[in-house]
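>>> Sequence first, then the predicted structure, then my questions.
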Amino acid sequence: MSAKNTFGSQAAKAFCANLYTTWLSEDENVERIRDMLSRMLALSAAAQNLEIGAKKGKAADTEALSNGAWHSDPAVGLSTSSTAIDEDTDLGQSPRPTPPQRSNKSAVLKSADDRTPSPIQPSTSPSAVARFAGGVDELDYPHRAGSPVVTPTSPQPKPIVDPSAPLPYVSSGSVSPHRAHSLGSPRLDSTLNAVMVSGDLAIPLDPSTSLSMTARESMTRFVHTAGSFAVTPPANLKQATLEDIPCFYSKRESCGLHIENDSEEAQELNRLLEKNDSVKKTVWVFGDISSKVFKVPIWYKEALFTDIATRCGLDAATADTLAAAQIRTVYSDVYASLSASRRLYDLICTHPQKEFITLSDLESMGRYLVAAHPGLQFLQQPEFQEYYWHTVAVRIMYMLERQQCGRIYWRDFDRSDLPDRMMDLDTKDVNLVLDYFSYEHFYVLYCKFWELDTDRDLLVGFEDLCNYGQGSVVTGAIKRVVEGYGRPLSSGVPGKMDFADFVYFCLSEEDKNSEPAVLYWFKVLDTDEDGVLSGYEMMQFFEENQQRFLEFSDSPEGDIAYEDTMCQMLDMVGFDRVKVRKCGVTLGDLRSCPTPANFFNMILNASKFLLFEHRDPFGEHQIRMRVEKTEWDRFARAEYDRMAAEAQ
């Protein structure tokens, strides 16, 4: 095919693709498109017939001159692509004897065989129509690879298919069956015959064929050859509404309520109560009811027993037995519709409207743990028992409260891992549950406080706290801590910290990467309380830390300039964030930083920052492979081992 015709074919393809994507979405435009395509196909077929006729005349003249005789062939008048190829192939070869005459039937069958490869197809009948859309016909894809003629690939991009938009379906006329076409490179030198999406039914362009829309239209697809999906969906596409989209959450679930009750829990409750008309709180049956039905840990079953007795109108202080009917009634009326986390939240919370959990509620839960857990039977002294459950309550409040408000709301409780850790205490040792309940962690905190409280008044002042960590924390930060800037003091004595205040300080100092610690030290450094750490604020604390860097340095030239330190700290939190704001470091910058501990240690604790700078990468990897995953867990493990070794 000449370059001119090739260019015309490409232009026709692009033109038809634009017609298809622009007009075919409306039913009234179908006739206009079909008429235009028919005229284009007629012009293309006429031009090809003229070209084929010229080739035939040239080939006949050449054969007549070489042989000196003219042989008649009944199939010579058929304008098939295979004939054109055969005659083109004969050019330049030696003369052949006249083949025996073939019947018209065989010639017609050969010309009608659409599997015969040919660069041109002058036939415009519906059976010869291609099956691809956007100016790509059937020869463009490698499912024709079985043909002896292989055409080179074209760099033209493939049409993009939008599976959500429909294509009008032909309910009558000649259609081609479904076939699975493999993707391949399009041929731009082929004649455009029809438009259709790969894998869908072809649309014949016979004017006598009527196009109609059926239910099958939702299974077809819309093609845009420009490289993107259609801007607007067709008018015949059914639009989805909000009612058609299922809701993936509900207000009941956000409040801890089940949408449907768990039938397995009811069956398990009936199985456990079928042979027991009454259940005592001390027997194993009520323990199974608590853990398997109510999803309450066994060590907390007494709180569940008290709640059921109170709801049934019994005296919780003297009641020792519950009837099976009472347990079923309370379960079906109250607990069946609650999630496992909500059940624990309601048992812990003593607020009338169950709005939030306070520190006293957590201490009450700690009392049940000390009294019932077998791993704490050695803790017999009342003084240590009180310190233990008080430590557990403070650690839970430290991790779960929002902005140091002293309250734990339902949303914070549900998003935390506290319900899972409470259930883990039934199957694990207390010391294996590192979060909140570890006795070893309590022992480290208590001993650290006892070491600093030299006058045994159960309060720690400024001078006492300066000795923490061998005086590694800058005194300016210690002063603001004891004044209550890091956290409002609960001791009631100005400049003095009680045990709960010390727990907040110790947890924040040893694990500055935790979110509560970031808030704690940010409030300490924010001297003007404007919510932004400016350069002059951080310089007040860095001046003392700079002297410690010189003391720890091996050479007198190891001085670190404040400007260099600021550049490094801004790189830690992300200089782009600070550059846009042009006012300093905010709490959000530190929370988005992966390692805020390094930022704080450069200002507050020189020894810890130098340990980080000189760390062993291989040793660091081995440490992170241990059970202890946080800096506080690793610190508590090391301190407990040291104290245990000194006690021996």
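On my side now, so go ahead. Numbering: from 1, shown residues only.

>>> okay, now the domains of this structure?
Per the record, the chain has its domains at 3-96+108-224, 253-339, 349-437, by automatic domain parsing.

>>> Any idea which of the ones you listed has the lowest pLDDT on average?
Per-stretch mean pLDDT for those is lowest at domain 3-96+108-224 (a mean of 51).

>>> Can you name the element that comes right after the helix or strand hosting L611?
Taking DSSP states H and E as the criterion, the element that holds L611 is helix 606-613. Past helix 606-613, further along toward the C-terminus, the next helix or strand under DSSP H and E is helix 617-624.

>>> Could I get the buried residue list for the helix or strand following that next one?
Following helix 617-624 in sequence order, the next helix or strand is helix 631-647 (DSSP H and E). For helix 631-647, a neighbour-count test (16 or more other Cβ atoms under 10 Å) marks 631-637, 639-640 as buried. To be clear about C-beta, it is placed using only N, CA and C from the backbone, and glycine gets the same treatment.

>>> what's the answer for stretch 465-480, then?
Residues 465-466, 468, 473-474, 476-478, 480 are the ones in stretch 465-480 that count as buried (16+ other Cβ under 10 Å).

>>> end to end, how far does it reach?
Start to finish, the residues bounding stretch 465-480 are 11 Å apart (Cα to Cα, to the nearest Å).

>>> same deal with stretch 625-639?
Separation of the first and last residues of stretch 625-639 by Cα to Cα is 19 Å.

>>> And for stretch 281-301?
8 Å.

>>> Ok, stretch 486-502 next?
For stretch 486-502, the first and last residues are 11 Å from each other (Cα to Cα).

>>> With stretch 589-609 instead?
Taking Cα to Cα as the measure, stretch 589-609 stretches 20 Å from start to finish.

>>> In that stretch, which residues are buried?
Neighbour-count burial for stretch 589-609 flags 589-590, 593, 596-609 (criterion: 16+ other Cβ under 10 Å).

>>> Report all helices and strands that the helix or strand harbouring L590 contacts.
L590 belongs to helix 587-592 when assigned by DSSP H and E. Helices and strands in packing contact with helix 587-592 are listed as helix 515-525, helix 562-573, helix 575-581; criterion 3 or more Cβ pairs under 8 Å, 6 or more residues apart in numbering; DSSP states H and E.

>>> Run through who's touching it.
With contacts defined as Cβ atoms under 8 Å, 6 or more residues apart in numbering, helix 587-592 is touched by 515, 518-519, 522, 531, 573-574, 577-578, 596, 599.

>>> Out of those, who's the most crowded?
In terms of neighbour count, F599 stands highest of the contacts of helix 587-592 at 25 neighbours, by other Cβ atoms under 10 Å.

>>> With S339 as the reference, measure out to it.
When distance is defined by Cβ to Cβ, to the nearest Å, F599 is 39 Å away from S339.

>>> what's the answer for L570, then?
Between L570 and S339 the computed distance is 44 Å (Cβ to Cβ).

>>> ok, now L257?
Distance of L257 to S339, given as Cβ to Cβ: 7 Å.

>>> Compare the two and say which one has the larger neighbour count.
Just comparing L257 and S339: by other Cβ under 10 Å the higher neighbour count belongs to S339, 18 against 13.

>>> which residue packs closest to that one, ignoring adjacent ones?
For S339, ignoring the flanking residues on the chain, the nearest one in space by Cβ to Cβ, 6 or more residues apart in numbering is G256 at 4.8 Å.

>>> list the contacts for that neighbour?
If you count contacts by Cβ under 8 Å, 6+ apart, G256 has them with 338-339, 341-342, 345, 410, 414.

>>> one more time with 10 Å, if that's ok
For G256, the residues meeting the contact criterion (Cβ atoms under 10 Å, 6 or more residues apart in numbering) are 337-346, 354, 410-411, 413-414.

>>> Confirm for me that Y640 is in contact with C447.
Yes - in terms of Cβ atoms under 10 Å, Y640 counts as a neighbour of C447; the distance is 8.9 Å.

>>> what ranges do the strands span in the protein?
In the chain, the segments counted as strands under DSSP state E are 160-162, 222-224, 278-280, 321-323, 356-357, 408-409, 532-533, 585-586.

>>> As TSV, these with mean neighbour count and distance to P419 would be great.
Written out in TSV, the entries for the strands of the chain read as follows (neighbours: other Cβ atoms under 10 Å; distance: least, Cβ to Cβ, whole Å):
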stretch	mean neighbour count	distance to P419
strand 160-162	16	45
strand 222-224	23	49
strand 278-280	16	24
strand 321-323	17	24
strand 356-357	22	12
strand 408-409	20	12
strand 532-533	20	36
strand 585-586	22	33
